[in-house]
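**Student:** quick one: sequence and predicted model below, then my questions.
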Amino acid sequence: MGEAKRRRQRENWAETFSKPMKRARFNLYTTGTRHSKAAYMSEELSWWASADEALLGMVARDATDDDYLWMILARDKIGRFRCAALDVSIRDQAHAEKRLRVAMADIIEKGEIAEFGEQGDETNSPLDPFELPAGLGEDKLHPYFLLLANEPGRAPARKVVSELALWLAPKDPHFVREFQTNGFDQRLWELFLWAAFREFSLDVEQLEAPDFRCRGPGLDFTVEATTVAPSEGGPLKEHPNPKTPDERESFLRDYMPMKFGGPLTSKLNKTNAEGQHYWERPESEGKPFTIAIADFHKPAEEDELGPMTYTQSALWQYLYGSRVTWRFEDDELIIEPHEIGEHEYKGKKVPSGFFDLPEAENVSAIIFSNAGTIAKFDRMGVAAGFGADGHGYFRVGLKYNPDPNAVVGKAFHVDVADPNYEEYWTQEIQVFHNPNAKHPLPFEALVGATHHVYEDGQMHSYSPDDAVLSSFTMLMKYTDKDNDPA
C-alpha cells in the first residue's frame, strides 16, 4: 500500500472521532482562552469537537505568514478549555483540518484526555456554582438564583454561567456564596462584564479593587463594577411605579438619576485603608479608570417589564447634567438641550452632573448595559446550541435606528433558536465618556460598543449597526395539548 493511500485511510478513520462545531458554541467554551493579540495575528476558520466535547479543535490562518495552523484544546484541572497541542506552518486550510482531526483521533484513541489537558499551573479543582455548601438553607438563597438553578427552561443560562464561572470563581473565594445568596445581581453583572471584555479582545485580570484590569495592544484601563439596588430606607424606598407618559417622564427626570447617583458617588468617594481612591491604586494609577453600572433596583413582574429596559436615559441626564426636548420643523428633527441643576424627589435633592463633581475628572467613563440578566445568559446559551427541550426563546426589542430623524429605535423580533441567529455579549454595552477626564478612555478600547460624547452642550452618539437599545425575552414552555390538564 502506498504512503498516500495509507494517509487517506488514516484521515478517513479520523473523521469518525470529531465533528464540526458551531462557532458560538466554541466561543462559549473558550471565552477565557484567547490572548488579546490573537484577534490581530490570526483568522479563525473552522471549529471542531470530539463526540463528547471533551476535546475541541480550531483551524486558523496566520495573518503574518499567510499560512495555516491547528490547535487542540482540552479542559485543565479547573475545567477550563486551554491550548494543549498546536501545529503551524501548514500550506492550506484543508490540510490543516485533516491533520487536526488525525491528531484529535490519536488522543481519543489513547484514552488519556484528562491527563492531556493538564497544564501544570492549576491550583484548584473544577467548580460548580450551583453546588450548595452544607448547611446553607433555601431561605438564604436569592430568589433569582433559585429560579436559575431549578427552572428547566433556564438550562441554557445555567450552562453559560457554569462555563464562565470556571474562569472567575477560582480566584475569588466569596464568588459562589455571594452568587447564591445576597450578591446574586452583582456577581451576575460581573460575569457579564468579564465575558463582554473578553469579547472586546481584551486580557482581563481580576483584582481585589477595582474589579478588573483590562489590557490589549496599546490599551490598559481598570473597571470597578457596581449596581443600582433597591432602596431599604429613605425617600427612595417607595418605588413610583410609573404608568402614564407623564409619570414615566418624572420618574426618569428625578427618581432614577438619584438612584444612579447613589452607587456612583459612593464609588467616587470610596478610599481604602491607605486613603487611596480607586484611581490612585497601583493597578489604576496613571491610566483610564471606569465605573460599570447596571440597574437592578426593581425586578420585572408578570404584567410589566423591569424598569432597567429604559432607565439608561436617566443615566446620561445625571452624568452630564442635561436633558433634551425635541420637535419636528419641516420634517427635520430639532433637538434642544437643557441644563439640569439638581434632581429632587420627596424632599431629597442631589446635584446633577456627575462628571462635574469634585474628583470626577478621575473617572474616564461610565460603562452601562441593561443586559446583565438571566435572559441574556439564556439567549447566549441557546445561540450556542444549549436550548432546553420543550421551550422556546423569543426576543423582542429596539435596535439602533440610523435615520437622523428617528426618535425611537428600530423594532425587531427574533426566534433565538433559529440556526442563523447570532448574538454577542457586547451588543448592549454603552460607554458614556467624561468630557473632563484626566485620562480619557480611547474609543478603540471597546470597539463595537455604543459610545456617547458630550460636546458643546450636545450629546453625540456613535453606534454600530447591530447595537441593541433594549429588549426582553419571552420564554415559552410548549405543552402537549391533548395531555395538558388545563
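**Tutor:** Arrived safely. Numbering: from 1, shown residues only.
**Student:** now do R248 against S313, distance only.
**Tutor:** Note on R248: its distance to S313, by C-beta to C-beta, to the nearest Å, is 10 Å. Bear in mind the C-beta positions are built from the backbone N, C-alpha and C, glycine included.
**Student:** repeat that for G183.
**Tutor:** For G183, the distance to S313 (C-beta to C-beta) stands at 28 Å.
**Student:** the two - which one has more neighbours?
**Tutor:** Between G183 and S313, counted using other C-beta atoms under 10 Å, the more crowded position is G183 (18 against 15).
**Student:** got a list of what that one touches?
**Tutor:** H142, H174, R177 (C-beta atoms under 8 Å, 6 or more residues apart in numbering).
**Student:** go ahead and build a ChimeraX selection from the buried members of the residues you listed.
**Tutor:** Of the contacts of G183, the buried ones go into a single ChimeraX selection, burial set by 16 or more other C-beta atoms under 10 Å:
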select :142,177
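**Student:** let me have the contacts of G183 in JSON lines, adding pLDDT and secondary structure as columns.
**Tutor:** Shown next, in JSON lines, are the contacts of G183 (pLDDT from 0 to 100; DSSP: H, G, I helix; E, B strand; the rest coil):
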{"residue": "H142", "pLDDT": "96", "secondary structure": "coil"}
{"residue": "H174", "pLDDT": "89", "secondary structure": "coil"}
{"residue": "R177", "pLDDT": "94", "secondary structure": "helix"}
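**Student:** which parts of the stretch 51-200 of the chain are strands?
**Tutor:** With DSSP state E, counting those that start in this stretch as the criterion, the stretch 51-200 of the chain has strands at 55-62, 68-75, 81-90.
**Student:** of all those, which one is nearest G135?
**Tutor:** Of all those, strand 68-75 sits nearest to G135, with 29.7 Å by C-beta to C-beta.
**Student:** what separates stretch 430-444 from the chain centre, distance-wise?
**Tutor:** Between the centre of stretch 430-444 and the centre of its chain there are 20 Å (C-alpha atoms, centre = their mean, to the nearest Å).
**Student:** quick one: contacts of it?
**Tutor:** Residues outside stretch 430-444 that contact it (C-beta under 8 Å, 6+ apart): 218-219, 221, 286-290, 312, 315-316, 319-320, 355-356, 360-369, 446, 449-455, 462.
**Student:** do the same with stretch 207-214
**Tutor:** Here stretch 207-214 makes contact (C-beta under 8 Å, 6+ apart) with 190, 193-194, 197, 200, 202-206, 220-225, 272, 278, 281, 283-284, 289, 445.
**Student:** filter those residues down to the buried ones, ChimeraX style.
**Tutor:** Those of those that count as buried under 16+ other C-beta under 10 Å are selected in ChimeraX with:
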select :190,193,194,197,200,202,203,204,206,220,221,222,223,224,225,278,281,283,284,289,445
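**Student:** in helices, which of the contacts of stretch 207-214 fall?
**Tutor:** Judged by DSSP state H, the subset of the contacts of stretch 207-214 located in helices is E190, L193, W194, F197.
**Student:** the first one against T226, yeah?
**Tutor:** No - E190 is beyond contact range of T226, at 10.1 Å (criterion: C-beta atoms under 8 Å).
**Student:** ok so, going back, which of the contacts of stretch 207-214 fall in strands?
**Tutor:** Per DSSP state E, strands hold the following members of the contacts of stretch 207-214: D203, V204, E205, Q206, D220, F221, T222, V223, E224, A225, F289.
**Student:** where does pLDDT dip in the chain?
**Tutor:** Residue ranges of the chain with pLDDT under 70: 1, 300-307, 324-327, 329, 331, 333-336, 407, 481-486.
**Student:** sorry, back to before: for the ones in helices among the contacts of stretch 207-214, which one is nearest D67?
**Tutor:** D67 lies nearest to F197 out of these, by C-beta to C-beta, at 30.5 Å.
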